[in-house]
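Participant: I need the structure of the sequence given here:
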Amino acid sequence: MAVRHFLTLLDLSQDELRQVIDRAIEMKAQHKQGTAGEPFKNKVLGMIFEKSSTRTRVSFEAGMAQLGGSALFLSPRDTQLGRGEPIEDSARVLSRMVDIMMIRTFEHDKIERFAQYSRVPVINALTDDYHPCQLLADIQTYKEQRGDPQGKVVTWVGDGNNMCHSYINAARQCDFELRIACPEGFDPAPELVEANKDRVTILRNPTDAVKGSDWVVTDVWASMGQEEEQKEREQKFAGYQVDHEMMSHANSDAIFMHCLPAHRGEEVSADLLEDDKISVVWDEAENRLHAQKALIEFLLLNN
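Facilitator: Reported below is the predicted structural model:
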């Protein structure tokens, strides 16, 4: 049987995605009740980080520890990966020593090549193209707060980046309408938009995009590796800040999400980020922990 990986949301069927989300909610409750047990006992997660991280590293390490397993942090600075060992060789060796791998890197083709040569499941913990683990947490958060996202209207405000790409996949997998508000020159990948044109629309006016939305989400204007473009992007994204005024055009029970870290006063106003009647960013961040535990369990059971 072929090894199951999680490189994008499309690696799960719609039913499997619902199963993982429901299990994440269940595991969250078990953790709070102290009834989780140790299903990951003697299991080891290998974690390769080529990009810096807070939520990703802590949530994966804590999740493995909570369920009886362990995690190994690996960076190019202290492994042969940083000295030019081929990705294919690293995949062959590491997958003989651990039970599951997680990789946070730049080029998406790197993780695809690693997965091709790995004997164990590989999880995409962020590439320049996709961030599917964050979407598991976001979907879980919406379901906990408002119920099934099917048929809802979701608005993405900001850069057509890896998070935006994963929201396009989520629209397909969860059957919701996605509006993307971004300035010209910052659109998501055209082939991804074209493949989902029945449910994805690009607009230039963020207020128009937010009208009647159930769920509004944004991200930093300059992602990791784009820091030198910060000033230029601030000019291009003027008017794209999500604040209370913009949210007033959404539905009255709409919620706001941000994958964090947030730049208060840029892509989101400080007072909106802290308004827990609208903003669910702290629950969203916590749910990385539980959604990833459910994902790891799913992959281990299906391999």
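Participant: where's the residue most central in space within the chain, which helix or strand?
Facilitator: Centroid-nearest residue in the chain, with C-alpha atoms, centre = their mean: residue 134, separated by 2.0 Å. Element membership for residue 134 (DSSP states H and E) is helix 132-146.
Participant: next SSE after that helix?
Facilitator: Downstream of helix 132-146, the next assigned helix or strand under DSSP H and E is strand 153-157.
Participant: got the angle for the helix or strand just after that following strand vs helix 132-146?
Facilitator: Sequence order places helix 162-174 as the next helix or strand after strand 153-157, per DSSP H and E. Using axes from the mean of the first three to the mean of the last three C-alpha atoms, to 10 degrees, one finds that helix 162-174 and helix 132-146 are set 60 degrees apart in direction.
Participant: which parts of the helix holding residue 134 are buried?
Facilitator: By neighbour count on 16 or more other C-beta atoms under 10 Å, the buried set for helix 132-146 is 132-144. All C-beta spots, glycine's among them, are computed from the backbone N, C-alpha and C.
Participant: what of stretch 23-41?
Facilitator: Applying a neighbour-count criterion of 16+ other C-beta under 10 Å, one finds 23-25, 27-28, 30-31, 36, 40 buried in stretch 23-41.
Participant: kindly report the same for stretch 196-204.
Facilitator: 200, 202-203.
Participant: for this structure, which element, helix or strand, carries the lowest mean pLDDT?
Facilitator: The helix or strand of the chain with the poorest confidence is helix 230-236; it has a mean of 86 (mean pLDDT, DSSP states H and E).
Participant: buried residues, that one. List them.
Facilitator: 233, 236.
Participant: just after that helix, pick out the following helix or strand.
Facilitator: In N-to-C order, the element after helix 230-236 by DSSP H and E is helix 244-247.
Participant: what's in contact with that following helix?
Facilitator: 157, 206-207, 210, 216, 254, 256, 269, 271-272, 275, 278 (C-beta atoms under 8 Å, 6 or more residues apart in numbering).
Participant: go again using 10 Å as the cut-off
Facilitator: 155, 157, 181, 206-207, 209-211, 213, 216, 218, 239-240, 254-256, 268-269, 271-272, 275, 278-279 (C-beta atoms under 10 Å, 6 or more residues apart in numbering).
Participant: report the rounded mean pLDDT for it.
Facilitator: For helix 244-247, mean pLDDT is 98.
Participant: using PDB, write out every CA atom in the next helix or strand after that helix.
Facilitator: Per DSSP H and E, the first helix or strand lying C-terminal to helix 244-247 is strand 255-258. C-alpha atoms of strand 255-258 as PDB (Å, rounded to 0.1, in the frame of the first residue of the first chain):
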ATOM      1  CA  ILE A 255     -15.800  35.800  12.900                       C
ATOM      2  CA  PHE A 256     -12.200  36.900  12.100                       C
ATOM      3  CA  MET A 257      -9.200  34.700  11.900                       C
ATOM      4  CA  HIS A 258      -5.400  35.200  11.500                       C
END
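Participant: give the other helices and strands that strand 255-258 contacts.
Facilitator: The elements that strand 255-258 packs onto, with contact taken as 3 or more C-beta pairs under 10 Å, 6 or more residues apart in numbering; DSSP states H and E, are helix 132-146, strand 153-157, strand 215-218, helix 244-247, helix 270-273, helix 281-301.
Participant: list the strands paired with the third one, with their directions.
Facilitator: Right, strand 215-218. Partner strands for strand 215-218, per DSSP bridges, with pairing direction: strand 153-157 (parallel), strand 255-258 (parallel).
Participant: export those strands to JSON lines and append columns for mean pLDDT, mean neighbour count and distance to residue 93.
Facilitator: Formatted as JSON lines, the entries for the strands paired with strand 215-218 read as follows, by pLDDT from 0 to 100; neighbours: other C-beta atoms under 10 Å; distance: least, C-beta to C-beta, whole Å:
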{"stretch": "strand 153-157", "mean pLDDT": "98", "mean neighbour count": "26", "distance to residue 93": "39"}
{"stretch": "strand 255-258", "mean pLDDT": "98", "mean neighbour count": "24", "distance to residue 93": "38"}
